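Student: sequence first, predicted coordinates after that:
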Amino acid sequence: MTISTEVGKVKKLFLYLLVVLFSVVQVAAQKSKEEKRKDAIQKIVNETNIEKLVERAAILKKEFKEQKKKAIEWANRNNVPIKTVLKNGTVIELMGFKNGRPIYYSTRNSTAAKSVGTDKVQPGGSSGLNLRGEGVKIGIWDGGQVHRGHQAFYSSGDGYRVTYVDSLYMYGGQDSGEVKISDHATHVAGTMIADNDEPSARGMADKARLDSYEWNYDLVEMQEAALPTSSPLLLSNHSYGPDYGWREGDDGWYWGGRDEWFEDYSFGSYNDTSWTLDALAKDAPYYTIVWAAGNDRGKGGEPGDTHKVWIDNQ
């Protein structure tokens, strides 16, 4: 009877110690995770050239404001729309001029998760990693804002996971105060973070959060977003780009070069935007920028088709 009682006491003591040890391990693990997060942020701070980012953002903001103002004046003078959504859903917007030629941004087609192998690291994927993007913040710049109230961006426990970040500087540097929802941006965002039980409709990171930006002042806002904070932006998507060579409109084809050219010299060129993105990647080494390459060389009408040509600044 005495032995049984002592064994019972030992068992209770052992169970108590296990509970205490488990609690200590849990606290230690939590502290370790928090410490690792703080260490990672400090590393980002130490290796980010904050001075260069702030300086470049100020310069780019001034340059874009001037360019956009001139573009709007030219468009109004020539009765040309500043922004258009084509019948095929492509969003096109006049951003400025370069060497007498208008520079347009246009949206690109989005890429499905399977084509980049994301399904392999998602729950049920062959890698066994079961990644869903918890705790990750991604930026998206596009021809308008993501429809943040869409049910695909709502997760139980997390709520709606899309945030409007930029002040919508819009034209000439003035805040319009208007949120312009884009079907293209919403579709791309769905490819990125949609939460859906159906695998074919599930985003690549269905628990991640998304910061939504409109593409005016994109290079400015990217410098600012790359500045280290308690929750720095380390990844952004840009499913758009400048149109070079042939551009299709609802009323036919437009040739972006001079009429005597056989090829647009901008194809493959290392321009100001290329340099700015490289400088940003250098000064914010933990910020990954995903930008659509486009397929401008493959566009154009049939031989003999009529087309329109831009003549300098006219």
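Tutor: Okay, I see it.
Student: can we go C-alpha only for contacts and neighbour counts from here?
Tutor: Fine.
Student: and Met95, backbone torsions?
Tutor: With angles defined as degrees, to the nearest 10, Met95 sits at phi -110, psi -30.
Student: so what's it up against?
Tutor: Gln67, Lys68, Ala71, Pro102, Ile103, Tyr104, Tyr105, Asn216 (Cα atoms under 8 Å, 6 or more residues apart in numbering).
Student: which ones among the residues you listed are found in strands?
Tutor: Counting by DSSP state E, the members of the contacts of Met95 that fall within strands are Pro102, Ile103, Tyr104, Tyr105.
Student: one step back: now the two most distant members of the contacts of Met95.
Tutor: Pro102 and Asn216 (15.3 Å; Cα to Cα).
Student: more neighbours: which of those two?
Tutor: Higher neighbour count among Pro102 and Asn216: Asn216, with 25 against 22, using other Cα atoms under 10 Å.
Student: show me the helices in the chain, by range?
Tutor: For the chain, the helices defined by DSSP state H occupy 2-47, 50-77, 183-193, 218-225, 272-283.
Student: just the buried ones from the contacts of Met95?
Tutor: Gln67, Lys68, Ala71, Pro102, Ile103, Tyr104, Tyr105, Asn216 (16 or more other Cα atoms under 10 Å).
Student: and these, which is closest to Ala57?
Tutor: Checking the buried ones among the contacts of Met95 one by one against Ala57 (Cα to Cα), the nearest turns out to be Asn216, at 13.3 Å.
Student: pLDDT score for the closest one?
Tutor: We have a pLDDT of 92 for Asn216.
Student: measure it to Asp142 for me?
Tutor: From Asn216 over to Asp142 the distance is 9 Å, taken as Cα to Cα, to the nearest Å.
Student: same thing with Asn49?
Tutor: 26 Å.
Student: between those two, which has more neighbouring residues?
Tutor: Asp142 (28 against 18).
Student: so what pLDDT did the closest residue to Thr48 other than its chain neighbours get?
Tutor: Distances taken as Cα to Cα, 6 or more residues apart in numbering place Ala284 nearest to Thr48, at 4.8 Å, with adjacent residues excluded. Note for Ala284: predicted pLDDT of 95.
Student: picking that back up, so which of the helices of the chain is the most packed in?
Tutor: Counting by mean count of other Cα atoms under 10 Å, helix 183-193 has the highest mean neighbour count of the helices of the chain, with a mean of 23.
Student: counting contacts, what elements does it pack onto?
Tutor: strand 137-142, strand 209-214 (3 or more Cα pairs under 8 Å, 6 or more residues apart in numbering; DSSP states H and E).
Student: what's the angle between it and strand 209-214?
Tutor: 160 degrees (axes from the mean of the first three to the mean of the last three Cα atoms, to 10 degrees).
Student: pLDDT below threshold where in this structure?
Tutor: 1-31, 109-117, 167-179, 197-200, 258-260, 295-298, 310-314 (pLDDT under 70).
Student: repeat the analysis, applying 50 as the threshold.
Tutor: The chain contains residues with pLDDT under 50 at 1, 3, 7, 111-113, 169-177.
Student: and stretch 79-92, how far out from the chain middle?
Tutor: Chain-centre distance of stretch 79-92: 21 Å, with Cα atoms, centre = their mean, to the nearest Å.
Student: cool, and stretch 132-147?
Tutor: That offset, for stretch 132-147, works out to 6 Å (Cα atoms, centre = their mean).
Student: now do it: distance from first to last residue.
Tutor: 21 Å.
Student: check stretch 283-293 too.
Tutor: 22 Å.
Student: tell me the domain ranges of the chain?
Tutor: 1-47, 49-309 (automatic domain parsing).
Student: returning to what we had before: of the helices of the chain, give the one that comes closest to Asn130.
Tutor: helix 183-193 (14.8 Å).
Student: just the CA coordinates for that closest one, please, in PDB.
Tutor: Only the C-alpha atoms of helix 183-193 are listed here, as PDB (Å, rounded to 0.1, in the frame of the first residue of the first chain):
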ATOM      1  CA  ASP A 183     -11.200  43.600 -62.900                       C
ATOM      2  CA  HIS A 184      -7.700  42.800 -64.100                       C
ATOM      3  CA  ALA A 185      -6.200  43.700 -60.700                       C
ATOM      4  CA  THR A 186      -8.800  41.700 -58.900                       C
ATOM      5  CA  HIS A 187      -8.200  38.700 -61.200                       C
ATOM      6  CA  VAL A 188      -4.400  38.900 -60.600                       C
ATOM      7  CA  ALA A 189      -5.000  39.200 -56.800                       C
ATOM      8  CA  GLY A 190      -7.200  36.100 -57.000                       C
ATOM      9  CA  THR A 191      -4.300  34.200 -58.600                       C
ATOM     10  CA  MET A 192      -2.100  35.400 -55.800                       C
ATOM     11  CA  ILE A 193      -4.200  35.100 -52.600                       C
END
